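**Student:** build me a model:
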Amino acid sequence: MGIPSENFHNKSRQVFDELRNSELWQVRDDVYIPTLQHAVLVMLVKNVEDIIGINLRHHYTLGFRKFFILDNNSNDTTASIIKSFKYDHKDASVFYSTDFLEGHYQQTKTEAMARFAEFYLREEGVPSWIFPIDADEFITCCTKETDQAIENFTKYLMDPHAQVFVFNWAQSALFSKERNELTTFEQTLSQTEFVVWKRMKPCVTKSAYRTGHNMSPTMGNHFVNAYQGTDEGLRSMVDIGFCMLHFPFRSLDQFRLKITDGMRALALTNYDQSIGHHWRAYFADYQEKGDSALKWYLDEHIRQCL
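**Tutor:** The predicted structure is shown next:
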């Protein structure tokens, strides 16, 4: 009990691969799920000016109206973009706060923000679901059968037996196959040129959870703590056509900033060296080889997505 079974993962991988390579695959950013107004989107951000605006607009369009954002001392325009989003979307409730603790205590901070959101909103009615995501993650309908996808997502939200939504990463890269070059985000995903991998390799999950069961996100939000059920309480979101589009590497400058910010934050924690091991490896290569190492990782990410 407590984690998705291997059978659950294998089925999700198979469903994704079949959808991705069928005529039904289509990235849709115009899907609206009204019931998501009763959920909360929780984000921790740091120097994400290139992506935070499109991310917030995307999830607003999807149906979210409650945003709780903790900013780990960004020194770019992240804060002003969030405040502009709040100003431009009067019907959205946006809680924005600056994090004075620079150390990368992601799990603790995400849990604190999620529990704070539940407590803060209790006079309005405790939110039914918590969706912790990163700025480079987009909950996205990826099927042409949008009416059925909306109906199923709504049923999942209303199902009292559903406790955890399990999303799967669909690795994505800002890249034009036609021009063979990097691209940048436009105002929406539908206006942005990007590529998504054809097969799920590996199977990485991200989770949302129902409130009232004392659950909280694990490190990286790949699952939840204190889940005592079986696969019966889990809902695979790819089964109904929803993926978590993931854009971790977007340009050489963004990648360099991400690993230097990340290593600075990790250095201020008391975590074991095994925590954040992939970012430590990226940074070690960068120290040894400079931008050529980062370019190799960026090119490899694009190649995998192609």
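
**Student:** contacts for the strand or helix carrying Glu151 next, please.
**Tutor:** Element membership of Glu151, judged by DSSP states H and E, is helix 146-158. Applying CB atoms under 8 Å, 6 or more residues apart in numbering, the external contacts of helix 146-158 come out as 28, 30-36, 38-39, 128-129, 141, 143, 162, 165, 235, 237, 240-242. Heads up, the C-betas are built off the backbone N, CA and C, glycines and all.

**Student:** now, of the residues you listed, which are buried?
**Tutor:** By neighbour count, with 16 or more other CB atoms under 10 Å, these hold 28, 31, 33, 35-36, 38-39, 129, 141, 143, 162, 165, 235, 237, 240-242 as buried.

**Student:** quick one, what contacts the spatially closest residue to Ser93 that is not a sequence neighbour?
**Tutor:** Counting by CB to CB, 6 or more residues apart in numbering, the nearest residue to Ser93 once its immediate chain neighbours are dropped is Lys66, at 4.9 Å. Counting by CB under 8 Å, 6+ apart, Lys66 touches Gln37, Ala39, Val40, Leu41, Ala92, Ser93, Ala117, Leu121, Pro127.

**Student:** start and end of stretch 18-31, how far apart?
**Tutor:** Using CA to CA, to the nearest Å, the gap from the first to the last residue of stretch 18-31 comes to 21 Å.

**Student:** so how far is that stretch off the chain centroid?
**Tutor:** 18 Å (CA atoms, centre = their mean, to the nearest Å).

**Student:** avg pLDDT for it?
**Tutor:** Averaged over stretch 18-31, pLDDT sits at 97.

**Student:** cool, and stretch 140-153?
**Tutor:** 98.

**Student:** give the buried residues for the helix or strand where Ala293 lies.
**Tutor:** Applying DSSP H and E as the criterion places Ala293 in helix 291-305. For helix 291-305, the neighbour count (16+ other CB under 10 Å) marks Ala293, Leu294, Tyr297, Leu298, His301, Ile302, Cys305 as buried.

**Student:** which one of those residues is nearest Thr230?
**Tutor:** Cys305 (33.6 Å; CB to CB).

**Student:** can you pull the contacts of the closest residue to the closest one other than its chain neighbours?
**Tutor:** Computed as CB to CB, 6+ apart, the closest residue to Cys305 that is not its neighbour in sequence is Ala173, at 4.1 Å. Contacts for Ala173 were tallied using CB under 8 Å, 6+ apart; they are Phe194, Val195, Phe247, Phe249, His301, Ile302, Cys305, Leu306.

**Student:** any idea how far the residue nearest to Ser93 lies from Arg199?
**Tutor:** Distance of Lys66 to Arg199, given as CB to CB, to the nearest Å: 35 Å.

**Student:** likewise His213?
**Tutor:** For His213, the distance to Arg199 - CB to CB - is 34 Å.

**Student:** look at these two and report which has more neighbours.
**Tutor:** His213 (15 against 10; other CB atoms under 10 Å).

**Student:** isn't that one up against Val164?
**Tutor:** No: assessed by CB atoms under 8 Å, His213 is found out of contact with Val164, at 9.1 Å.

**Student:** and for the residue found closest to Arg264 once you drop the neighbours it is linked to in the chain, the neighbour number?
**Tutor:** Counting by CB to CB, 6+ apart, Arg264 lies nearest to Glu102, which is 7.4 Å off, once chain neighbours are set aside. Neighbour count of Glu102, defined by other CB under 10 Å: 15.
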